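just need the structure, nothing else, for what follows:
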Amino acid sequence: MEKVALLTGAAGGLGQALAAKLVRDGWTLVLVGRDGERLRAAYGNSHCQIIADCSTVAGAHDMLEQARVAGLQPTALAHCVGNIRLGALHRVSEEDFQAVLTANLVSAFHTLAAFTASLRESAVPGAAVLVSSAAARVGTPNHEAVAAAKGGVEALVRSAAATYANFGIRVNAVAPGIMDTPAAARLIGSPAAREAAARQYPLPGIGTSAELAELMAWLLGTTGSRVTGQVWSLDGGFSSIRPLVK
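Next comes the predicted model:
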């Protein structure tokens, strides 16, 4: 059976890194984004490219329908949609909070719902990996909005994994710290900010999208076939161990 992977947020830094990794692993790709020009700039005319807004029920179902019309049945999902908006709880506007929830949690819910429905309709197994954050695992100042959204993603993963395990559908998540991607550019844009961010991790440094892509590809592949309902941290120990104070 052809290995077909559906990538949302495919034009972003993580999406592009994961697409490159999955191609090397022999997957056929269905790439989803809201901006067709960004998709074409990243991939040219390669792969099946779909313009859709997966933060809505209609948009999420439409992207699976477009894949079906193209003769493709995705059995792997990598949901790479998200945003980062920081600020203390009392300073976060309603507009910003709704934007964080929509990009990080609502989109994950609707995308996963459409994907699992497609698998059940076709009676085939599959695997999904969503993206959480270290901020959902340990209290981090000024991350209340994104922590709440990503905490919801982790709860979604566990419940969906339980619901669909009997159908051979696996659901997992990854939880990175700060990564060197365009989305994080304003957080680590200066040498001083980058150095300060790198020092907060027990294993000092800034993660890369390529590192996270390796883990996500493993979770989607046959080597991860016994893993479901898990959230995998890739944060230099930030969420689990206390660094030495020097």
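
what about Asp35, distance to Asp53?
Here the criterion is C-beta to C-beta, to the nearest Å. By it, Asp35 lies 10 Å from Asp53. In this view, the C-beta of every residue, glycine as well, is placed from N, C-alpha and C.

those two: which is more packed in?
Taking neighbours as other C-beta atoms under 10 Å, Asp35 and Asp53 compare with Asp53 leading, 17 against 10.

helix or strand: which one has the closest residue to the more buried one other than its chain neighbours?
Using C-beta to C-beta, 6 or more residues apart in numbering and skipping residues adjacent in sequence, the residue nearest Asp53 is Gly59, 3.9 Å away. Applying DSSP states H and E as the criterion places Gly59 in helix 57-69.

hang on, the earlier thing: ok, now which ones touch the residue nearest to Asp53?
Ala52, Asp53, His110 (C-beta atoms under 8 Å, 6 or more residues apart in numbering).

and Val32, by the same measure?
So Val32 contacts Leu6, Leu7, Thr8, Gly9, Ala10, Gln49, Ile50, Ile51, Ala52, Cys54, Met63 (C-beta under 8 Å, 6+ apart).

all helices for the protein, in order.
13-24, 36-43, 57-69, 94-101, 107-122, 144-164, 191-199, 209-220 (DSSP state H).

who does the longest one touch, helix- and strand-wise?
By that I understand helix 144-164. When contacts are defined as 3 or more C-beta pairs under 8 Å, 6 or more residues apart in numbering; DSSP states H and E, helix 144-164 packs onto helix 94-101, helix 107-122, strand 126-131, strand 169-176.

which of the ones you listed sits closest to Glu211?
Nearest of the helices and strands packed on helix 144-164 to Glu211, taken as C-beta to C-beta: strand 169-176 at 8.4 Å.

the residue nearest to Thr28 when sequence neighbours are not counted: neighbour count?
Nearest residue to Thr28, sequence neighbours excluded (C-beta to C-beta, 6+ apart): Val4, at 4.8 Å. Using other C-beta under 10 Å, Val4 has 20 neighbouring residues.

can you pull out the low-pLDDT segments for this structure?
Applying pLDDT under 70 to the chain flags the ranges 182-190, 198, 244-246.

residue contacts, Leu130?
Counting by C-beta under 8 Å, 6+ apart, Leu130 has contacts His79, Ala108, Leu112, Val153, Leu156, Val157, Val171, Asn172, Ala173, Val174.

please name the bridge partners of it.
On the basis of DSSP bridges, Leu130 is bridged to Ala173.

from Gln200, how far out is Ala60?
From Ala60 over to Gln200 (counting by C-beta to C-beta), the distance is 35 Å.

could you do Arg158 as well?
Counting by C-beta to C-beta, the gap from Arg158 to Gln200 is 27 Å.

what does Val57 give?
For Val57 relative to Gln200 (C-beta to C-beta), the value is 38 Å.

Val69 too?
Using C-beta to C-beta, Val69 is found at 47 Å from Gln200.
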